[in-house]
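Engineer: Sequence first, then the predicted structure:
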Amino acid sequence: MSDHRAAVRHHTLRTGIVEFDNGTGSIVSVPCTIRDVSGTGARVALNSSAWVPEQFSLIFSSGLRKVCRLAWRKERLIGGAFIEGYASPDEQAAMMTADEQARHRLGIGARVKAARETRGYTEAQLAERIGVAPAFVAAAEQGEVDIPVYQLMHVADLLMVSLEGLVAGPAPDEVDAG
C-alpha cells in the first residue's frame, strides 16, 4: 500500500528537516521527505531510523519552521500535528501549492466519506456526533474545507479507522485505479 501512496502522491514530495532536542541538550537534525501537508499538519518520511520525540520542529526548504506534536508513527513514516493549530495561508503557500492543498483536502474528504458510508452513517449523523453542522461535513467530503486534526481524530475513532488511513491512505478512486 505504501508504494501505491508514494506513486500517487509523488508530486507532493519535498525535502525538509526534522529537528528535536535528544534529551541531553543536543539538537538532532534528521533529513526527511515531506510527503504531504495540510493546514493542520504534515506526513513525513524520515531518511533514517532515528527516534523522534513527542514534540519536534519540521523545517521546510523555504525556511519555514513549524513546531509539531507527534500524531502517529509507522516505522519511518510519521504524522505531525502543528502545535499552534492551523497554519496561516502564507505558511501553507510556503509548504505546498494551492493545487496540492486542494488535492490533499479532496483525498481526505473522499476517505472520510468512504469510511462514513462503510459504517452506515449519514452526513447529518456524523455531523451530530462530532459537533459540527451537516453542511461542514458535506463541504469537507467535497474537499472544500480543511478538517482540523482534533476533529479528524474524533472521526477516525467514531468510524473505527486509523487517523493515518484518513489522512494518508489512498482515496477510494485511487484504490480502484490500482
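Structural biologist: Yep, that arrived.
Engineer: among the helices and strands of this protein, which has the poorest mean pLDDT?
Structural biologist: helix 2-8 (a mean of 30; mean pLDDT, DSSP states H and E).
Engineer: Past it, which element shows up next along the chain?
Structural biologist: Of the helices and strands lying after helix 2-8 in sequence (DSSP states H and E), the nearest is strand 14-21.
Engineer: Now do the following helix or strand past that following strand: distance to the chain's middle.
Structural biologist: Using DSSP H and E, the helix or strand that follows strand 14-21 in sequence is strand 27-37. In this view, strand 27-37 has its centroid 14 Å away from the chain centroid, taken as CA atoms, centre = their mean, to the nearest Å.
Engineer: Same question for strand 27-37: list its buried residues.
Structural biologist: 28, 30, 32-37 (16 or more other CB atoms under 10 Å). To be clear about C-beta, it is placed using only N, CA and C from the backbone, and glycine gets the same treatment.
Engineer: Could you tell me which strands sit next to the following helix or strand past that strand in the sheet, and their orientation?
Structural biologist: Next helix or strand after strand 27-37 toward the C-terminus (DSSP H and E): strand 41-46. Strand 41-46 has the following strand partners under DSSP bridges: strand 27-37 (antiparallel), strand 77-82 (antiparallel).
Engineer: what inclination does the first one have with respect to strand 14-21?
Structural biologist: Read it as strand 27-37. Strand 27-37 and strand 14-21 are oriented at 140 degrees to each other (axes from the mean of the first three to the mean of the last three CA atoms, to 10 degrees).
Engineer: Please parse the chain into its domains.
Structural biologist: 2-93, 97-170 (automatic domain parsing).
Engineer: deepest of these, which one?
Structural biologist: Highest mean neighbour count of the domains of the chain: domain 97-170, a mean of 18 (counted as mean count of other CB atoms under 10 Å).
Engineer: before we move on, the earlier item: quick check: the farthest pair among the buried residues of strand 27-37?
Structural biologist: Distance extremes for those: the farthest pair is Val28 and Asp36 at 23.6 Å, using CB to CB.
Engineer: The closest residue to Ala133 other than its chain neighbours is in what secondary structure piece?
Structural biologist: Spatial nearest neighbour of Ala133, chain neighbours left out: Ala127 (6.0 Å); criterion: CB to CB, 6 or more residues apart in numbering. Assigned by DSSP H and E, Ala127 falls within helix 123-130.
Engineer: which helices and strands does whichever helix or strand comes after that helix pack with?
Structural biologist: On the C-terminal side of helix 123-130, the nearest following helix or strand under DSSP H and E is helix 134-141. Judged by 3 or more CB pairs under 8 Å, 6 or more residues apart in numbering; DSSP states H and E, the packing partners of helix 134-141 are helix 98-119, helix 123-130.
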